[in-house]
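> need a structure here:
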Amino acid sequence: MLIDWSSNKYRLGNAGMDATHAEFVALVNRLATVEGREFQTLFLELLDHTSDHFGAEEALMEETDFPAIAEHRAEHWRVLGELRALGQRVVQGRISMARSYITEQLPGWFAVHAATMDSALAAHLATQENRSTVA
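Below you'll find the model as predicted:
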């Protein structure tokens with residue numbers, strides 16, 4: 001297992017974000033155990049999921065005027081760009097770089113991103129929800 005979702009350290013207290021992150025973690029962990037065509041299929045599923053995942057977070061940031069939207073969005077675009085570039089290789093059957101990225105880069109990136117940028121977004125969203133219930 002590359003990322004231990006059961007440890008609770010990645011849960012942010014936002015049901016939507018937590019559900020999406022759990023799906024992301026499950027895909028990443030499955031990619032570590034599959035080969036060949038199954039890896040190709042699952043990698044492309046991760047790419048689609050991550051694109052939707054980032055799009056949903058960016059929509060929340062826009063809707064709530066999240067102050068660090070530019071930095072958060074730039075990080076999303078960087079990672080999505082890396083996944084897309086690797087995806088081009090994966091569809092050609094060249095999976096070794098993508099496998100290395102999944103096992104060596106993505107877990108560490110996710111840990112930092114969740115603990116910093118996503119936790120800040122979750123806190124911001126909680127503040128926005130509290131304001132709307134008080135008003």
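
> who's in contact with the residue lying closest to residue 26 once chain neighbours are set aside?
Leaving aside its chain neighbours, residue 26 sits nearest to residue 5 (7.4 Å; criterion: C-beta to C-beta, 6 or more residues apart in numbering). C-beta: built from backbone N, CA, C; applies to glycine. Residue 5 makes contact with 21, 22, 25, 26, 29 under the criterion C-beta atoms under 8 Å, 6 or more residues apart in numbering.

> closest one of these to residue 127?
The shortest approach to residue 127 among the contacts of residue 5 belongs to residue 21, at 19.8 Å (C-beta to C-beta).

> next, count neighbours for the closest one.
If you count neighbours by other C-beta atoms under 10 Å, residue 21 ends up with 21.

> with residue 57 instead?
Residue 57, neighbours per other C-beta under 10 Å, totals 23.
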